[in-house]
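>>> Predicted model follows, preceded by the sequence.
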Number of protein chains: 2
Amino acid sequence: MIGAGRLSLNQATVKHLTLPQAVDLCVRHEVPAIGLWRDRVAECGLARSAAAVRAAGLSVSSLCRGGFFTHADPGARAAALADNRAAIEEAAELRAEALILVSGGLAPGSRDAALARRMIADAIAELVPLAQRLGVRLGIESLHPMFCADRCVLSRLGDAVDMALLFPADVAGVVIDTYHVWWDSRLPEDIARAHGRIVSYQLCDWILPLPADTLLGRGHLGDGVIDFRAISALVLAAGYRGYAEVEIFNQEIWDAPPDDTAATVRRRFAELLG
Amino acid sequence: MIGAGRLSLNQATVKHLTLPQAVDLCVRHEVPAIGLWRDRVAECGLARSAAAVRAAGLSVSSLCRGGFFTHADPGARAAALADNRAAIEEAAELRAEALILVSGGLAPGSRDAALARRMIADAIAELVPLAQRLGVRLGIESLHPMFCADRCVLSRLGDAVDMALLFPADVAGVVIDTYHVWWDSRLPEDIARAHGRIVSYQLCDWILPLPADTLLGRGHLGDGVIDFRAISALVLAAGYRGYAEVEIFNQEIWDAPPDDTAATVRRRFAELLG
């Protein structure tokens, strides 16, 4: 099993906290790592953010996020690459285990998912040298197929693995987020194929019914249908030894007192994965 | 291309019409086939429904639907099988090209999708002899992964093909519904694997944003992101020569005058697939 020493809290789970507040929350609840978001890092300042997590003794399990590579317009494409280069530099400064990439949906006006996937491969190829030089691992994430059109045309873990395998292992890996991949009958085979390539493991549950905003239909571990023990065993068998990061987008959880949320995160993690 | 002679209208697209009204609508708009729903058939009476479609010269491209096989409770399982046997008899009486099966989500209280898939295989095995005797083809449908937990654990076309291949080709096939499968990077390979097994081809578009009720986020052909020409070419290449059935669940379309809906269905079909 993964064990409490590998728990990380993604700061999106306590969306209303600033970075220093989220860092303090992790310290108070003995959570050893944190997943950061770029908007909160920018608000606090990059150097101050890096200093705050180091002073607190926290590891940074991930930085969210880069990506959105699928543009036919050259200007939009160049802007996306520039933003991703900045994200790589931020990830290096923060010593993040991975920079999470949400790669983008169909290009505007296009119905060609294969074309969008080629755009993603081309963009990552351009980012690899900088990431390699700065020692940042790019975490290619597959998103649930309901986000294929508008957020990420990599819809199965297998798509993300195929993409990562185009690039060197020291720089390109995959993110496994239980919420996005749990339903896939090929998940065991694709996790095995990801051996040595898993750079981030994110956890939240699939709850029913889906809410009106499908981005927010995520629950505390144990509140839904996902078998975390089974998936975690596969992830460990594929050689992953990093943090397991709880990242929950849910309006009710955002509205709850953050200390309650952190306590629930810890308790459920211990019950289901301890 | 498929051609207007292969157009079918699923009566769920004009949800508020009775079966005789939907039959009349097809005749008025020169749509040569109709997809029927069991509740509307029951309301009209099975023999009268069969007589109405024959008198109108319509083919019945499908009957919706059987399935929901995933029960651990023996009583619930027996009830599901009895209901599916009744559905097979209705499909035979209506001379439907296929009985559509929505196989069921996770069993109540279970998180084991593989177990649910075994329950589905066991149930279909029990139905095969009756279907074979009555000449009814079972259409195993994969549903979009967002319905995996509560409606169908067969989430990719490949899952449905794997299931169909367990049984004789004359009785077990797959349904390809563009809405459920369009996002899958493995779709071309899985359609090819389904050669000779495709018993129903259903069409509607994936529109954005997803509505609050995710069951209803479907659009007229051309209003969304699906490349119907590309998918239809694959379906034809896999030997399918049956009807292409337009089935749209959408509150606005349900609230529109049915003659407008039928006219739009015909026009879009001709533009995109004619």
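Done, it's in.
>>> Which neighbours in the sheet does the longest strand anywhere in chain A have, and how are they oriented?
Longest strand in chain A, counting residues (DSSP state E): strand A:59-67. Using DSSP bridges, the strands paired with strand A:59-67 are strand A:33-37 (parallel), strand A:99-102 (parallel).
>>> Show me what whatever helix or strand comes next after the shortest one is packed up against.
Past strand A:99-102, further along toward the C-terminus, the next helix or strand under DSSP states H and E is helix A:113-134. Secondary structure elements in contact with helix A:113-134, counted by 3 or more C-beta pairs under 8 Å, 6 or more residues apart in numbering or on different chains; DSSP states H and E, are helix A:74-93, strand A:138-141, helix A:157-164. Glycine gets a C-beta too; all of them are placed from N, C-alpha and C.
>>> and the stretch 151-274 of chain A, which of its residues are near chain B?
Selection of the stretch 151-274 of chain A residues close to chain B by C-beta under 8 Å from any C-beta of the partner chain yields A:153, A:155-156, A:158-159, A:162, A:182-186, A:206, A:208, A:210, A:212, A:214, A:224-227.
>>> Put the buried members of the residues you listed into a ChimeraX selection.
Entered in ChimeraX, the line below selects the buried ones among these, by 16 or more other C-beta atoms under 10 Å in any protein chain shown:
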select /A:153,155,156,158,159,162,182,183,184,185,186,206,210,214,224,225,226,227
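>>> Please name the bridge partners of the residue sitting nearest the centre point of chain A.
Nearest to the mean C-alpha position of chain A, by C-alpha atoms, centre = their mean, lies residue A:100 at 4.9 Å. Applying DSSP bridges to residue A:100 gives these bridge partners: residue A:64, residue A:139.
>>> Could you report the pLDDT at it?
We have a pLDDT of 98 for residue A:100.
>>> OK, contacts around it?
Under the criterion of C-beta atoms under 8 Å, 6 or more residues apart in numbering or on different chains, the contact list for residue A:100 reads A:62, A:63, A:64, A:65, A:66, A:67, A:139, A:141, A:175, A:200.
>>> Contact residues of the stretch 1-150 of chain A facing chain B?
Close to chain B, as judged by C-beta under 8 Å from any C-beta, the stretch 1-150 of chain A has residues A:106, A:111, A:112, A:113, A:114, A:117, A:144, A:145, A:146, A:148, A:149, A:150.
>>> what about burial for these, which qualify?
Buried among these by 16+ other C-beta under 10 Å: A:106, A:111, A:113, A:117, A:144, A:145, A:146, A:148, A:149.
>>> so which two of those are the farthest from each other?
A:111 and A:144 (19.6 Å; C-beta to C-beta).
>>> What spatial separation is found between residue A:168 and chain B?
According to C-beta to the nearest C-beta, to the nearest Å, residue A:168 and chain B sit 23 Å apart.
>>> ok, that residue to residue A:191 distance?
When distance is defined by C-beta to C-beta, to the nearest Å, residue A:168 is 20 Å away from residue A:191.
>>> So these two - more neighbours on which side?
Counted by other C-beta atoms under 10 Å in any protein chain shown, residue A:168 and residue A:191 do not tie: residue A:191 has more neighbours, with 25 against 11.
>>> if I've got this straight, residue A:143 is in a helix?
No: secondary structure of residue A:143 (DSSP: H, G, I helix; E, B strand; the rest coil): coil, not part of a helix.
>>> Ignoring the adjacent residues along the chain, who's closest to it?
Excluding the flanking residues, the one nearest residue A:143 by C-beta to C-beta, 6 or more residues apart in numbering or on different chains is residue A:152, at 3.8 Å.
>>> beta partners of that neighbour?
residue A:104.
>>> what's the burial count for it?
Neighbours of residue A:152 (other C-beta under 10 Å): 28.
>>> which ones are touching it?
By C-beta under 8 Å, 6+ apart, the residues touching residue A:152 are A:67, A:102, A:103, A:104, A:105, A:141, A:142, A:143.
>>> if we can go back for a sec, need the CA coordinates for the longest strand of chain A. PDB is fine.
Presented in PDB, the C-alpha positions along strand A:59-67 are these (Å, rounded to 0.1, in the frame of the first residue of the first chain):
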ATOM      1  CA  SER A  59       7.700  18.400  -1.300                       C
ATOM      2  CA  VAL A  60       5.900  19.800  -4.400                       C
ATOM      3  CA  SER A  61       4.300  16.700  -6.000                       C
ATOM      4  CA  SER A  62       3.100  18.600  -9.100                       C
ATOM      5  CA  LEU A  63       2.600  22.000 -10.700                       C
ATOM      6  CA  CYS A  64      -0.700  22.500 -12.500                       C
ATOM      7  CA  ARG A  65      -0.500  23.100 -15.300                       C
ATOM      8  CA  GLY A  66       0.700  23.500 -18.900                       C
ATOM      9  CA  GLY A  67      -0.800  22.300 -22.100                       C
END
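>>> can you pull out the strands in the stretch 151-274 of chain A?
A:172-177, A:198-203, A:205-206, A:218-219, A:244-246 (DSSP state E, counting those that start in this stretch).
>>> which helices and strands sit right next to the fourth one?
Spelled out, that is strand A:218-219. Contacts defined by 3+ C-beta pairs under 8 Å, 6+ apart place strand A:218-219 against strand A:205-206.
>>> neighbouring strands for the strand it packs on, and are they parallel or not?
Applying DSSP bridges, strand A:205-206 is found paired with strand A:218-219 (antiparallel).
>>> what residues does the partner strand touch?
With C-beta under 8 Å, 6+ apart as the test, strand A:218-219 has contacts from A:179, A:204, A:205, A:206, A:207, A:248, A:249, A:250, A:253.
>>> where's the second one relative to residue A:216, distance?
In this case it means residue A:204. 11 Å.
>>> higher neighbour count, the two?
Ranked by neighbour count (other C-beta under 10 Å), residue A:204 and residue A:216 place residue A:204 first, with 29 against 15.
>>> wait, isn't the more buried one in contact with residue A:223?
No: assessed by C-beta atoms under 8 Å, residue A:204 is found out of contact with residue A:223, at 9.2 Å.
>>> ok, now which ones touch residue A:132?
A:168, A:170, A:171.
>>> List just the nearest of these to residue B:18.
Nearest to residue B:18 among these, counting by C-beta to C-beta, is residue A:171 at 61.9 Å.
>>> for the stretch 1-150 of chain A, what are the low-confidence residue spans?
For the stretch 1-150 of chain A, no stretch has pLDDT under 70.
>>> and with 90 instead?
Residues of the stretch 1-150 of chain A that meet the criterion pLDDT under 90 lie in A:1-4.
>>> thought residue A:65 was touching residue A:101?
Yes: Residue A:65 is within contact range of residue A:101, at 6.5 Å (criterion: C-beta under 8 Å).
>>> Which one's more surrounded, these two?
Counting neighbours by other C-beta under 10 Å for residue A:65 and for residue A:101 shows that residue A:101 has the greater number, 29 against 22.
>>> could you measure that one against residue A:193, distance?
18 Å.
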